[in-house]
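K.L.:
What follows is a predicted structure for the sequence shown.
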Amino acid sequence: MSVDGPLADDLLPEPPTPRPPVDEAFAELRSGNLGLRLAETPAEIDAAQALRYRVFYEEMGAHADAATLAAQRDVDRFDAVADHLLVLDHDLGDGPAAVVGTYRLIRRPGAAKLGGFYSAAEYDLAPLLTFPGEVMELGRSCVAGPYRTRGTLQLLWRGIAAFVFRHRIDVMFGCASLPGTDLDQLAPQLAYLHANHLAPPALRPRAVSARHVAMDRLPTAAIDMKAAVVALPPLIKGYLRLGGFVGDGAVIDAQFNTTDVCIVVKTDLITDKYYRHYERTAGGS
């Protein structure tokens, strides 16, 4: 998650293809001219980083340092240990030039190579790191403007779900962003999340003390719940529809001009949705 580009609203994750063995290749998912698969070459990862730069820096107002500005790429050290999920428009080709959407996925072994997850700079992840199952961090999601449609985002959700099944992920998490850093303006959304979706203590990350921003900025009775939900970024609403939770405290990310919350999703909720769908569609065949 971390910084997330503008996404289409009212998107529900779609069920993935049947769960494959762990050693089976990640097959491309298709929806018309769009395909979704993992990046296979350095050039495809570079294309994802270029897309992230265009969305985060040129469109959303993130602040680029000299190296980022010169390269016109959004790059950090975590890219090297991540899997990069790509949406490709096959009308544009089959390689880097076709990349129109991306999502970064980091599993525990990759994070261990760098001493921790990206989100650890903002949150104490101890409750997740001691979780006995497999965990995965999501981040850097974005889609090129013309492709911010329901179909594109459902394809991304299908890819995440397929990855979850392939790697037996039990919990996924990451920093999801609200645009801007004006805490007064964001108070209704933050207070709504704190009042209604706070993670249980056993799975509750907490913003690191030096960056912790209280989320309960309004009394519960003063929150216009409907308006707060409408104002939430679509990606956060998508996680909440899966039964997602938020951690304790928000964090201001001045570089990306956002205010972040930590989202936690137990993937058994995705599993249940998938199996209900699969039983309906495969039961009569």
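P.N.:
On my side now, so go ahead.
K.L.:
buried set for the longest helix seen in the chain?
P.N.:
In the chain, with assignment by DSSP state H, the single longest helix is helix 150-167. Within helix 150-167, the residues that count as buried by 16 or more other Cβ atoms under 10 Å are 152-166. Bear in mind the C-beta positions are built from the backbone N, C-alpha and C, glycine included.
K.L.:
try stretch 249-263
P.N.:
Within stretch 249-263, the residues scored as buried using 16+ other Cβ under 10 Å are 249-253, 256-263.
K.L.:
can you redo those residues as CSV with secondary structure, pLDDT and distance to residue 213?
P.N.:
Output for the buried residues of stretch 249-263, formatted as CSV (DSSP: H, G, I helix; E, B strand; the rest coil; pLDDT from 0 to 100; distance: Cβ to Cβ, whole Å):
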residue, secondary structure, pLDDT, distance to residue 213
249, coil, 98, 6
250, strand, 98, 4
251, strand, 98, 6
252, strand, 98, 6
253, strand, 96, 11
256, coil, 94, 15
257, coil, 94, 15
258, strand, 96, 12
259, strand, 98, 7
260, strand, 98, 9
261, strand, 98, 10
262, strand, 98, 12
263, strand, 97, 16
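K.L.:
how about the strands in the stretch 151-285 of the chain?
P.N.:
Ranges of strands within the stretch 151-285 of the chain are 169-179, 206-207, 245-246, 251-253, 258-266, based on DSSP state E, counting those that start in this stretch.
K.L.:
and of these, who's closest to residue 235?
P.N.:
strand 169-179 (5.9 Å; Cβ to Cβ).
K.L.:
For that closest one, name the packing helices and strands.
P.N.:
strand 134-143, helix 150-167, helix 183-197, helix 234-241, strand 251-253, strand 258-266 (3 or more Cβ pairs under 8 Å, 6 or more residues apart in numbering; DSSP states H and E).
K.L.:
Report all helices and strands that the first one contacts.
P.N.:
Other helices and strands packing on strand 134-143, by 3+ Cβ pairs under 8 Å, 6+ apart, are helix 42-53, strand 99-107, helix 108-113, helix 150-167, strand 169-179.
K.L.:
want to throw those into TSV with distance to residue 31 and mean pLDDT?
P.N.:
Formatted as TSV, the helices and strands packed on strand 134-143 follow (distance: least, Cβ to Cβ, whole Å; pLDDT from 0 to 100):
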stretch	distance to residue 31	mean pLDDT
helix 42-53	19	98
strand 99-107	12	97
helix 108-113	28	96
helix 150-167	5	88
strand 169-179	22	96
